[in-house]
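In: Need coordinates for the following:
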Amino acid sequence: MENQQSQQYFQQSNQMSPQMNHGGHELLDAHEAIGGLIGAMEQSLFYEQHVQDPELKTMLQNHKAFKTQLYNTIVDTLQSGQDPSTPTQSYKMNESNDVVYGMMPSQPKTPAQTINEINDECITNFMMGGLKSCASAFTMTALEATNPVFRRIFADSIPNIIEMAYEVFLYQNKHQYYQVPQLNQQDMQNYINGFAPIQGGTMTH
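Out: Numbering: from 1, shown residues only. Okay, the predicted model is just below:
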């Protein structure tokens with residue numbers, strides 16, 4: 001009797017409409033991830049009016065446009081349970097990959113006390129915080145998703161969020177907002193050479 005009920009339930013679950021092909025955990029995580037994306041988009045409205053550097057303003061606008069398309073793609077799949085009308089796009093950053101390593105002397109930082117103290121460095125930190133939060137939430141949602149299309153939308157979006165965050169980092173690094181310390185050469189070599197490949201570990205097809 002129990003097996004018969006289980007089989008009947010399984011058949012019913014297979015006959016559900018695509019809109020209902022979502023598990024509880026994925027919907028809870030998806031709402032948190034989408035809410036975080038909305039928050040990042042809405043916060044950029046505040047940032048834009050305070051940006052001084054035209055290059056940073058362009059980056060902010062590019063991010064906003066990409067997030068808007070991403071939001072629509074996610075909502076489309078959430079509501080349909082199927083492939084979205086506009087598939088996941090690939091974000092192409094404008095910054096070069098040149099990283100400046102090393103530390104230069106700088107004044108100790110203190111938190112801004114008035115809105116007039118909010119500058120481009122502050123804004124890049126806000127942007128980075130929002131992107132890191134989205135990357136974490138999207139990863140958790142992708143891992144919890146049972147709907148294969150919904151899972152792929154979130155999984156495919158994570159590299160784009162990372163790319164946007166890397167673009168912000170490169171801008172910060174170029175303007176010395178984010179300096180990158182290094183280990184001394186000997187310590188660096190010890191870490192780099194701290195692992196060896198497995199012999200014969202190449203997969204054959």
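In: Helices of this structure, start to end?
Out: 2-14, 24-48, 54-80, 120-144, 148-174, 185-192 (DSSP state H).
In: closest to Ser90 out of those?
Out: helix 148-174 (6.6 Å; C-beta to C-beta). For the C-beta atoms, the positions are set from N, CA and C on the backbone; glycine is no exception.
In: Figure out how far that closest one is from the centre of its chain.
Out: Computed by C-alpha atoms, centre = their mean, to the nearest Å, the separation of helix 148-174 from the middle of its chain amounts to 4 Å.
In: how about that helix: buried residues?
Out: Of the residues in helix 148-174, 149-158, 160-173 count as buried by neighbour count, 16 or more other C-beta atoms under 10 Å.
In: Now do it and helix 24-48, the angle between them.
Out: 30 degrees (axes from the mean of the first three to the mean of the last three C-alpha atoms, to 10 degrees).
In: Mind giving me the packing neighbours of helix 148-174?
Out: Under the contact criterion of 3 or more C-beta pairs under 8 Å, 6 or more residues apart in numbering; DSSP states H and E, helix 148-174 touches helix 24-48, helix 54-80, helix 120-144.
In: what does the average pLDDT come to for that helix?
Out: In this model, helix 148-174 has an average pLDDT of 96.
In: Report the inter-axis angle for it versus helix 120-144.
Out: On the basis of the same axes, to 10 degrees, helix 148-174 is oriented at 160 degrees to helix 120-144.
In: tilt between helix 148-174 and helix 54-80?
Out: Using the same axes, to 10 degrees: helix 148-174 against helix 54-80 is 170 degrees.
In: related to what we said a few turns ago, among the helices of the chain, which is nearest Gln113?
Out: helix 120-144 (11.9 Å).
In: Just the mean pLDDT for that closest one, thanks.
Out: Average pLDDT, helix 120-144: 96.
In: buried sites along that helix?
Out: Neighbour-count burial for helix 120-144 flags 120, 122-124, 126-128, 130-131, 133-135, 137-142, 144 (criterion: 16+ other C-beta under 10 Å).
In: And the helices of the chain: which comes nearest Asn97?
Out: Shortest distance between Asn97 and those, using C-beta to C-beta, is found for helix 148-174: 7.1 Å.
In: Which of the helices and strands in this protein ranks last by mean pLDDT?
Out: Least confident helix or strand of the chain, by mean pLDDT, DSSP states H and E, is helix 2-14 with a mean of 55.
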